[in-house]
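Asks: The following comprises the amino acid sequence and a computationally predicted model.
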Amino acid sequence: TIAGRLFLSAALWSLAVLIVAGFVLSAVYRRTAERALDERLGVYLKAIVADLASPGEDLKLSPGQLGEPQFELTRSGWYWQVTRLDGESQSLRASRSLFATRLPRLTSNDAPGGEARGYVDGPDDQRLRLLERIIDVGDEGRFAVQVAADSSEAESQIHAFQWALGLTFALLGAALVGSTALQVRYGLKPLRRLREGVIAIRRGEAEKIDGDYPADVAPLADELNLLVDANREVVERARTQVGNLAH
């Protein structure tokens, strides 16, 4: 039916728009959450690089310097690691939270400059968000500086947002489908009135279709009235001819 086609097309289009919007908003929120975590890790990374580049000093970082006590708690999910890349063997300095484990490298490129970021598997199968930078401090050596944090907190926030977004869009979709049904019913009301007018003429309850109709339906009502008048004239002429033959 026309009503069914209008309803299905409008409902499917509305649902498609909501689904696409949901994926887009979810992706945007995920990038925002990742960017916020990267900015926080970037602060710690810069602090370690600044401490490492200080002339004549060894790398001695404390929780107070980085502002994150979890670097001192074993397997806390917050880690930093400094690896010397030149020399005969790669020396390693790391936060106490790593506890004899090591952070994996994001890239195999040891050229200084630039910053890499991504996800790696850490201690206890933790999924870590990791920032990595290669720096060259001259005679002191070339180092890979890494800072990582457990991404489970950010992931839980993302999942909570996705759940709330899905529930909101589901309610919105139901409201749109309901409003679409009402719009189709209201929009096709003139056609139902036109049908009722034709039925009344067929039953002899009316001689023509009365009432005001929208501009796109009024010509059809006028044509039906003209058709009824033409049929009436044909019937009258037939009756006259039959009467004349009877005489």
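Replies: Okay, I see it. Numbers count the residues shown, from 1 in each chain.
Asks: OK, contacts around R40?
Replies: By C-beta atoms under 8 Å, 6 or more residues apart in numbering, the residues touching R40 are A149. For the C-beta atoms, the positions are set from N, CA and C on the backbone; glycine is no exception.
Asks: can you confirm it is in a strand?
Replies: No: counting by DSSP: H, G, I helix; E, B strand; the rest coil, R40 is not found in a strand; it is helix.
Asks: Quickly note the distance from it to Q81.
Replies: Applying C-beta to C-beta, to the nearest Å, the value for R40 to Q81 is 17 Å.
Asks: next one: E39
Replies: 20 Å.
Asks: Ok, R192 next?
Replies: In terms of C-beta to C-beta, R192 sits 74 Å off from Q81.
Asks: now do K46
Replies: Distance from K46 to Q81, by C-beta to C-beta: 15 Å.
Asks: Those two: which is more packed in?
Replies: Q81 (22 against 14; other C-beta atoms under 10 Å).
Asks: hang on, isn't the more buried one packed against R133?
Replies: No: Q81 lies out of contact with R133 (C-beta atoms under 8 Å); the separation is 11.7 Å.
Asks: shared neighbours, the two?
Replies: Common neighbours of Q81 and R133 (C-beta under 8 Å, 6+ apart) are A144, V145, Q146.
Asks: where exactly do the strands run in this structure?
Replies: Taking DSSP state E as the criterion, the chain contains strands spanning 78-84, 92-94, 115-121, 127-136, 142-150.
Asks: and the last one, average pLDDT?
Replies: Right, the one you point to is strand 142-150. Mean per-residue pLDDT for strand 142-150: 89.
Asks: Sheet-wise, list the partners of it with their directions.
Replies: strand 78-84 (antiparallel), strand 127-136 (antiparallel) (DSSP bridges).
Asks: Around P214, how many other residues sit close by?
Replies: 11.
Asks: quick one on the thing from earlier: mind checking which of the shared contacts of Q81 and R133 are buried?
Replies: Buried members of these, scored by 16 or more other C-beta atoms under 10 Å, are A144, V145, Q146.
Asks: out of the residues you listed, which one sits closest to L6?
Replies: Q146 (58.7 Å; C-beta to C-beta).
Asks: Could you pull up the contacting residues of the closest one?
Replies: Counting by C-beta under 8 Å, 6+ apart, Q146 makes contact with Y79, W80, Q81, V82, T83, L103, R105, L130, L131, E132, R133.
Asks: List the contacts of the last one.
Replies: When you say that, I think you mean R133. L45, V49, G114, E115, A116, A144, V145, Q146.
Asks: cool, the fourth one as well?
Replies: Each residue near V82 by C-beta under 8 Å, 6+ apart is listed here: I48, L52, L59, L92, R93, A94, F143, A144, V145, Q146.
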